[in-house]
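Enquirer: Here is a sequence together with a model predicted from it:
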Protein chains: 4
Amino acid sequence: MKRIGVFTSGGDSPGMNACIRAVVRSAVYHGLEVYGIHRGYKGMIKGEIYRMDSHSVSNIIQKGGTILRSARSKEFMTPEGRQKAYEQLQQHGIEGLIAIGGDGTFTGANIFFEEYGIPTVGAPGTIDNDLYGTDYTIGYDTAVNTALDAIDKIRDTADSHDRVFFIEVMGRDSGYIAIPCAIGGGAEIVMIPETETSIEYVVDTLRTGWNRSKTSFIVIIAEGDEAGNASQVAAQVQHELPYMDARVTILGHVQRGGSPTAADRMLASQLGIACVDGLLAGRKCEMAGIISGELTYTPFIETITKDKLINPQYVKMVDILSV
Amino acid sequence: MKRIGVFTSGGDSPGMNACIRAVVRSAVYHGLEVYGIHRGYKGMIKGEIYRMDSHSVSNIIQKGGTILRSARSKEFMTPEGRQKAYEQLQQHGIEGLIAIGGDGTFTGANIFFEEYGIPTVGAPGTIDNDLYGTDYTIGYDTAVNTALDAIDKIRDTADSHDRVFFIEVMGRDSGYIAIPCAIGGGAEIVMIPETETSIEYVVDTLRTGWNRSKTSFIVIIAEGDEAGNASQVAAQVQHELPYMDARVTILGHVQRGGSPTAADRMLASQLGIACVDGLLAGRKCEMAGIISGELTYTPFIETITKDKLINPQYVKMVDILSV
Amino acid sequence: MKRIGVFTSGGDSPGMNACIRAVVRSAVYHGLEVYGIHRGYKGMIKGEIYRMDSHSVSNIIQKGGTILRSARSKEFMTPEGRQKAYEQLQQHGIEGLIAIGGDGTFTGANIFFEEYGIPTVGAPGTIDNDLYGTDYTIGYDTAVNTALDAIDKIRDTADSHDRVFFIEVMGRDSGYIAIPCAIGGGAEIVMIPETETSIEYVVDTLRTGWNRSKTSFIVIIAEGDEAGNASQVAAQVQHELPYMDARVTILGHVQRGGSPTAADRMLASQLGIACVDGLLAGRKCEMAGIISGELTYTPFIETITKDKLINPQYVKMVDILSV
Amino acid sequence: MKRIGVFTSGGDSPGMNACIRAVVRSAVYHGLEVYGIHRGYKGMIKGEIYRMDSHSVSNIIQKGGTILRSARSKEFMTPEGRQKAYEQLQQHGIEGLIAIGGDGTFTGANIFFEEYGIPTVGAPGTIDNDLYGTDYTIGYDTAVNTALDAIDKIRDTADSHDRVFFIEVMGRDSGYIAIPCAIGGGAEIVMIPETETSIEYVVDTLRTGWNRSKTSFIVIIAEGDEAGNASQVAAQVQHELPYMDARVTILGHVQRGGSPTAADRMLASQLGIACVDGLLAGRKCEMAGIISGELTYTPFIETITKDKLINPQYVKMVDILSV
């Protein structure tokens, strides 16, 4: 293998640039030629493919977002789209791919390999962390710290008045972001998709605290919680406890940005190097990850189909720590 | 005057602690005895009044919130409430007051002086900045930086996709927070209560940009804008421009917390000292402020009744800078 | 066991407060009485021992430093000192201890148990991370992020001029802080106590880069590197390469402070709970830690005598990534 | 005037990019063509001159450093150098210049105008703030907040042990950075070039505090203080007070970097617009600044020759507030 391509795909996450940098520099180190493919599969189809060298990735390790930009591509889901993508890669002489993204990205890479034999090795780039095959995904640590920083600020002011703050954090299918925000943010209640939390429970907990003359509360809600989003939960609680003053904060895309933390830069750098090593070693359709401190490669098919369960112990920790 | 009391009242703001510290240390420096009154007028009525010394305010200058806590008091608006408050102050031998808060706080202090002759000198503690008698209020600079930091993070991710971000910042009656967020955050549009911005204008501006192949936009909305809050504006825009992906972030009380910036600590320290100086010089019912670099004292009645207008030039700057 | 004591000892680290909070709340949760011992062994000897409850640890999870303060005690190293400490504990009816600190702390606890039979379970609280028995120590992640943040700021300005920045980070005996700072900070060279790096190598690397028209360089130096501290190394390099402009930054104790990161709060909370669980389960002279995601207890004697080696792979990563 | 050039020169400062952006966008808004000159006068001489448009300055407002890079040029101090620079400008058809920098930059621009009649309007870009003709320079607010953030972290840990921290901040000729660091950082002593502070005074103050059982102290030292730098002062104090543990932190170039604060972005944006307005209005050899909230233009010759004195009141504030 002499020439490889690298791209980012799906929702962007802090640390993607650090990973791109590691891929490029490691490729250069191994004597490979490396091309950056812009806007994921969309750009692959359109031929937005540019030569990169060591200097192309100078001074990006600390930057949020992705210099290669990201996109979702419906066209790549069609045989015609993949055909075009293949032709573009052929034209540029690209023999292997490194994809930084999530399960949607890897699903595409799997089909692409079956059809055209171009191998892809992947790195897990998503803030959500709910990806099988790695303890942490690139961007997760940063997203949690960003959310926590916001919660700290709310707590500064929370004491002053008799208030309940409902803070919505990201997590459509999982509580991976919500849990450390609740534990680290000193929240009284956490609501995540993996466990059922009734409005009655929330109301009871708040009322009990209130009657013990506790005057401010923080409730962390993962956006995908089955009880509703923060605004909906707040409205229902406010209705039951009209004497409490409910306030809502929706952090939204703030959590996707920001300079990556040290942990995310380390992880991104290690996995970027591992992707190049993997490709050189003949791996295909596998995702590099770190499990229990060990570098591992997991077949894409497993990262897509298997669930990464959250430690149920963590939910109990919220109870113990808000005693 | 030998003994004074200090309290914080209304919505809390970053820098209140720095101001309390300056009041206490400056009082000690001048040989005064100083008492902290907890939870504003509420605590004054209930007699939550404690002796403070130099050490009481150690290591608080960098902390958000207020160690004296804050509250709004309906009872103080009644003659009976003020009677009780007066008795409490009498009992503690407190001859003068220093109030850190906003116009509600100063309104109360004015009436209280008329009825009981206890002089109050005030410091402007509110993140909103819409208080006549000072160029900047304590907490404003911090709130703006906090909001801007969140906007920066959103911008990191904004480039990746075809999106419009609607970001709601504080400001029920004014655009003081929204304006520097828009200018400093590189926003395309700012919506503030002081000027009328129609949904048509927003839609047109976005559509024009889109047609020039601009793919991401940031709209900053002051919560009190006449066109609606961020969720409402976003829904209307999404309806008109269904091909753009509208996302909403509501920063909420995040903006009230956090460690005060250098400017807020300086301002709070200067005004805290000025409050004590003012009280010692026989001032009553006046607010210390800084206008054009000069320390000034403005009668409470003016801070309450006069408007501080925002520089209309700033709105034009947003247009020029997003050219 | 009905009554336990908790203390922090040695150099403080961010997250110690989060750990104290977890110890206290978990003790309350299990029906134990808990006492805070101020200033480590020093305060234990002097009887600075105070009852704590759930409320004592409100709103401290986000704070740097330690509310129990820390100290080093020469007196506790003497039999007389330990005798006094024992008497104080007896007087307060304290049957077990939780110590948050490093190997000096655990050495003392070990002797104390042998002499008086009072069991201690420990949590690793030090920014240095060079403690056997846990993958990460409490405070390490925060310290690295703090240093990295400073390095990022230096890099912003580094491009402008022809300069070499020598940045000294903490690490008397190990490169645990220096390594992620170098990798995450995009440094060209890292100098750590575990490996020998000659001044010649530094000079050669810089000269080679310079000749390739690279104009700015970052060198990360652990304070305990065998080649000298940052000022010494800079002076020698400047002498060899007089046309380059060498600048020195010594971060010093900045790295010990700051609000703990999410990872440090999680770790501190988990280990605080684990300490209480361990004491209740009859453990003595063991440190709670997390290795490969699993909660573990390691005898103090091992944490003191065994080395935790740094992954040599990391040094090579610096080379690859600065290609 | 149809075509202008913009450049940054001297030490870089946070907000320079925001100023470049405002210059470029404002120029586009007024129908001017704008060229970016890289590396200040050095690049002007070498013809490193590139066309810029609105898009060239996208997404830079939040970045530290300067995308145009900066340098000091000895050649421009010679008639031959300026001759070459003039020829380059002629070749590109550049009729007016906007310089973002300090007094060295403006001195050059003055001579250049006298010799070749090319007008320059300047914006004050330096973290030092000691520039006559504006209340604040671009980058100053950011530098102070960066230093303060470091001091806060040190204070977190300062309480634990009996220590004196000597923290050196930037300021070769002035205490503009040191003063708000000392007031906002709760320091006991500040040492600045404008006032004489003897080692005896430092030793006395520390000894007095120590005898009052105060156990930790912060001393802020401007790098250009007449008593020596932080390491020198610390060594002398340590010699006099051997029982205290002196620690040194040298923040160095950390203070030059980082994302600009809201205030710096506002100032940079306003002054960037004002530079273009000034050039269009026929101004030459003047610096745009803001004094007491009003936009002003000050002749370069005054900015170079007049002193901006620090308010002596501030030094007294440090005493009052550390009472």
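Expert: Noted; the coordinates are in hand.
Enquirer: Helix or strand for the residue at minimal distance from the centre of chain A, just tell me which one.
Expert: Geometric centre of chain A, nearest residue: residue A:127, 1.7 Å, by Cα atoms, centre = their mean. Residue A:127 belongs to no helix or strand when elements are defined using DSSP states H and E.
Enquirer: can I assume it is in contact with residue A:140?
Expert: Yes. Assessed by Cβ atoms under 8 Å, residue A:127 is found in contact with residue A:140 at 5.6 Å. Bear in mind the C-beta positions are built from the backbone N, C-alpha and C, glycine included.
Enquirer: which residues in the stretch 1-150 of chain A form helices?
Expert: A:16-29, A:40-46, A:79-92, A:103-116, A:140-158 (DSSP state H, counting those that start in this stretch).
Enquirer: Residue numbers of the stretch 51-200 of chain A in contact with chain C?
Expert: Listed as neighbours of chain C in the stretch 51-200 of chain A under the rule Cβ under 8 Å from any Cβ of the partner chain: A:54, A:59, A:61-62, A:135, A:141, A:144-145, A:148, A:152, A:155, A:159, A:180-181, A:183-186.
Enquirer: Distance-wise, check residue A:48 relative to residue B:113.
Expert: Distance of residue A:48 to residue B:113, computed by Cβ to Cβ, to the nearest Å: 70 Å.
Enquirer: State the distance from the residue nearest to residue A:4 when sequence neighbours are not counted to residue A:277.
Expert: The shortest distance from residue A:4 to any non-neighbouring residue, by Cβ to Cβ, 6 or more residues apart in numbering or on different chains, is to residue A:96 (4.6 Å). Noted for residue A:96: a distance of 12 Å to residue A:277, by Cβ to Cβ.
Enquirer: Check the most far-flung residue of chain A relative to its centre and give its pLDDT.
Expert: The centre of chain A is farthest from one residue, residue A:211, which by Cα atoms, centre = their mean lies 39.2 Å away. pLDDT, residue A:211: 89.
Enquirer: show me the contacts for residue A:264.
Expert: Counting by Cβ atoms under 8 Å, 6 or more residues apart in numbering or on different chains, residue A:264 makes contact with A:14-15, A:18, A:138-142.
Enquirer: Pick out the most distant pair among those residues.
Expert: Between any two of the contacts of residue A:264, the greatest separation by Cβ to Cβ is 13.5 Å, found for A:18 and A:140.
Enquirer: Kindly format the C-alpha coordinates of the helix or strand where residue A:270 lies as PDB.
Expert: Per DSSP H and E, residue A:270 falls inside helix A:262-280. Output of helix A:262-280 as PDB, limited to C-alpha atoms (Å, rounded to 0.1, in the frame of the first residue of the first chain):
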ATOM      1  CA  ALA A 262      -5.700  16.100  26.900                       C
ATOM      2  CA  ALA A 263      -7.400  12.700  27.100                       C
ATOM      3  CA  ASP A 264      -9.100  13.200  23.800                       C
ATOM      4  CA  ARG A 265      -5.900  14.300  22.100                       C
ATOM      5  CA  MET A 266      -4.000  11.300  23.500                       C
ATOM      6  CA  LEU A 267      -6.700   8.900  22.400                       C
ATOM      7  CA  ALA A 268      -7.000  10.600  19.000                       C
ATOM      8  CA  SER A 269      -3.300  10.500  18.500                       C
ATOM      9  CA  GLN A 270      -3.000   6.900  19.500                       C
ATOM     10  CA  LEU A 271      -5.900   5.700  17.400                       C
ATOM     11  CA  GLY A 272      -4.700   7.700  14.400                       C
ATOM     12  CA  ILE A 273      -1.400   6.000  14.500                       C
ATOM     13  CA  ALA A 274      -3.200   2.700  15.100                       C
ATOM     14  CA  CYS A 275      -5.300   3.200  12.000                       C
ATOM     15  CA  VAL A 276      -2.300   3.600   9.800                       C
ATOM     16  CA  ASP A 277      -0.600   0.600  11.500                       C
ATOM     17  CA  GLY A 278      -3.700  -1.400  11.000                       C
ATOM     18  CA  LEU A 279      -4.000  -0.600   7.300                       C
ATOM     19  CA  LEU A 280      -0.400  -1.500   6.800                       C
END
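Enquirer: Contacts (any at all) between chain B and stretch A:48-66?
Expert: Yes. Applying Cβ under 8 Å from any Cβ, one finds stretch A:48-66 touching chain B at A:63-66.
Enquirer: Including neighbour count, could those residues go into JSON lines?
Expert: Shown next, in JSON lines, are the residues of stretch A:48-66 next to chain B (neighbours: other Cβ atoms under 10 Å in any protein chain shown):
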{"residue": "A:63", "neighbour count": "21"}
{"residue": "A:64", "neighbour count": "24"}
{"residue": "A:65", "neighbour count": "25"}
{"residue": "A:66", "neighbour count": "29"}
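Enquirer: closest to residue A:2 among those?
Expert: residue A:66 (25.0 Å).
Enquirer: what sits against the closest one?
Expert: Residue A:66 neighbours (Cβ under 8 Å, 6+ apart): A:8, A:12, A:16-17, A:20, A:100, B:160.
Enquirer: Quick check: the farthest pair among those?
Expert: A:20 and B:160 (13.4 Å).
Enquirer: More neighbours: which of the two?
Expert: Under the criterion of other Cβ atoms under 10 Å in any protein chain shown, the comparison of residue A:20 against residue B:160 puts residue A:20 first, with 29 against 24.
Enquirer: residues in contact with that one?
Expert: A:6, A:8, A:36, A:57, A:60, A:66-68, A:100, A:272.
Enquirer: next one: residue A:105
Expert: Here residue A:105 is in contact with A:9-10, A:40, A:99, A:122 (Cβ under 8 Å, 6+ apart).
Enquirer: which among those residues are in contact with chain D?
Expert: Answer for the contacts of residue A:105 near chain D: none qualify (Cβ under 8 Å from any Cβ).
Enquirer: Mind putting those residues into CSV with pLDDT?
Expert: Putting these into CSV (pLDDT from 0 to 100) gives the following:
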residue, pLDDT
A:9, 95
A:10, 90
A:40, 96
A:99, 98
A:122, 98
